[in-house]
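Engineer: Next comes the sequence, and after it the predicted model I'd like to discuss.
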Amino acid sequence: MTFTDKTALVTGSTSGIGLAIATELARAGCNLALHGLESAADSREICDRIRDQFKVSICYFDTDVAKGGACRQMIERVRTDCGSLDILVNNAGIQHVAPVDQFPEERWDAILAVNLSAAFHCTAAALPGMRGSGYGRIINIASAHGLVASPNKSAYVAAKHGLIGLTKVTALETAGEGITCNAVCPGWVLTPLVEKQIQARTVRDGVSYEEATKALLFEKQPSGAFTKPADIGSLVVFLCTEAAANMTGASLPIDGGWTAR
C-alpha cells in the first residue's frame, strides 16, 4: 500500500514516541501534520529535518489539546492546510505521580484532558471526513497501564483505561466503513517521562542511574529491555495498511511481556 496520498496527524509528535511514529509514517511516504508545544525555531527544525529526509509535505500545529474546542479546530485546520486527514494518531500525554489521597485536583483534570478527552475530541471531529472518503485509521497510543494498574498513577491509569474503552466504542461505531480504530499499549520506553522516573529512583533509593534503570525494567517488563520508539512507529504503520483492514477494536501490547503476567 502506498501512503503518498495520505495525511496523518500525530499529536505530541515533536519528541519521544510521537516523533518516532511520525518519522516511520513519513518513511512510508505519508504526509504529516505534526503537533507539539515547541518554540518556533525548534518546530521548524523538526519539520525541515523530516521533510528533507523523506520528501513529504508537513504542516505544524501548536494547539493546546487540553481544550476540546481547540482540538476540533485543529482537525478542521489539518483538512484545510494539509488537504485531508486520513490517519489520526492520538499520542499526546502527560504524567504525574502521587497517591490517590494526595493527588492534586488540577493535575488529575489536566491528565484526563490531555490523555483522554483530547483523543475523544480529535476522533469525533475526524470521523465525518474519514467516512466521506471511505478510509480512516485511528490509532490511540494507550499504555500497558491501559490494561493493568500501578500504584501512584491513578489519573494516568484511569485515562489510559478510558482510552482503550474509547477505542472499542469507536471501532464498533465505524465497523464496515473502511475505518479502523486500535490501541497500541507500550510498556517501558525510554522517553523523557521515563527518564524522570529513573532519576527520581536514583534519589529515592540512593542508587546509580544504571541500577535504577535495571530495577525499573525488571519490576514490570520481563524482557529487561526498553521498547524502541521506532518499533512502535512500525506497528502504527502496519495498522494503516490494507493488511490490517480487518483489525479494529484491538489493544496491542508492545511491552516485553509486562501484561502477560
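Structural biologist: Received the coordinates, thanks.
Engineer: okay, CA-based contacts and neighbour counts for the rest of this
Structural biologist: Will do.
Engineer: which intervals of the stretch 1-150 of the chain have sub-threshold pLDDT?
Structural biologist: 1 (pLDDT under 70).
Engineer: now the helices for it?
Structural biologist: 16-27, 40-54, 68-82, 105-112, 118-133 (DSSP state H, counting those that start in this stretch).
Engineer: Put together CSV for those, with distance to residue 209 on each row.
Structural biologist: Shown next, in CSV, are these (distance: least, C-alpha to C-alpha, whole Å):
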stretch, distance to residue 209
helix 16-27, 20
helix 40-54, 29
helix 68-82, 38
helix 105-112, 27
helix 118-133, 34
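Engineer: With mean neighbour count and distance to residue 159 as added columns, please give these in TSV.
Structural biologist: Shown next, in TSV, are those (neighbours: other C-alpha atoms under 10 Å; distance: least, C-alpha to C-alpha, whole Å):
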stretch	mean neighbour count	distance to residue 159
helix 16-27	23	18
helix 40-54	14	27
helix 68-82	18	15
helix 105-112	16	6
helix 118-133	19	10
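Engineer: Looking at those helices, which is nearest to residue 143?
Structural biologist: With C-alpha to C-alpha, the closest approach to residue 143 among those belongs to helix 16-27: 11.6 Å.
Engineer: what's the closest one packed up against?
Structural biologist: Secondary-structure packing of helix 16-27 (3 or more C-alpha pairs under 8 Å, 6 or more residues apart in numbering; DSSP states H and E): strand 7-10, strand 31-35, helix 40-54, helix 229-239.
Engineer: again, only using 7 Å
Structural biologist: helix 40-54, helix 229-239 (3 or more C-alpha pairs under 7 Å, 6 or more residues apart in numbering; DSSP states H and E).
Engineer: quick check: angle from that helix to helix 40-54?
Structural biologist: With axes from the mean of the first three to the mean of the last three C-alpha atoms, to 10 degrees defining the directions, helix 16-27 sits at 40 degrees from helix 40-54.
Engineer: Any chance of the helices and strands packed on helix 16-27 in a markdown table with distance to residue 191 as columns?
Structural biologist: Below are these laid out as a markdown table (distance: least, C-alpha to C-alpha, whole Å):
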| stretch | distance to residue 191 |
| --- | --- |
| helix 40-54 | 17 |
| helix 229-239 | 8 |
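Engineer: Dig out what residue 34 forms beta bridges with.
Structural biologist: residue 10, residue 60 (DSSP bridges).
Engineer: Around it, how many other residues sit close by?
Structural biologist: For residue 34, the tally of surrounding residues (other C-alpha atoms under 10 Å) stands at 24.
Engineer: hmm, what's the outermost residue in this protein?
Structural biologist: residue 206 (32.6 Å; C-alpha atoms, centre = their mean).
Engineer: residues contacting it?
Structural biologist: Contacts for residue 206 (C-alpha atoms under 7 Å, 6 or more residues apart in numbering) come out as none.
Engineer: For it, grab phi and psi.
Structural biologist: phi 60, psi 40 (degrees, to the nearest 10).
Engineer: correct me, but residue 119 touches residue 89?
Structural biologist: No - in this structure, residue 119 is not within contact of residue 89 by C-alpha atoms under 7 Å, at 8.7 Å.
Engineer: distance of residue 82 from residue 59?
Structural biologist: 7 Å (C-alpha to C-alpha, to the nearest Å).
Engineer: do the same with residue 199
Structural biologist: Residue 199 is 35 Å from residue 59, by C-alpha to C-alpha.
Engineer: thought residue 65 was touching residue 112?
Structural biologist: No - contact criterion C-alpha under 7 Å: residue 65 and residue 112 do not qualify, at 11.0 Å.
Engineer: List the buried residues for stretch 184-203?
Structural biologist: 184, 185, 186, 187, 188, 189, 190, 198, 201, 202 (16 or more other C-alpha atoms under 10 Å).
Engineer: chain center to the longest strand seen in the chain: distance?
Structural biologist: In the chain, assigned by DSSP state E, the strand with the most residues is strand 179-186. Relative to its chain's centre, strand 179-186 lies at 10 Å (C-alpha atoms, centre = their mean, to the nearest Å).
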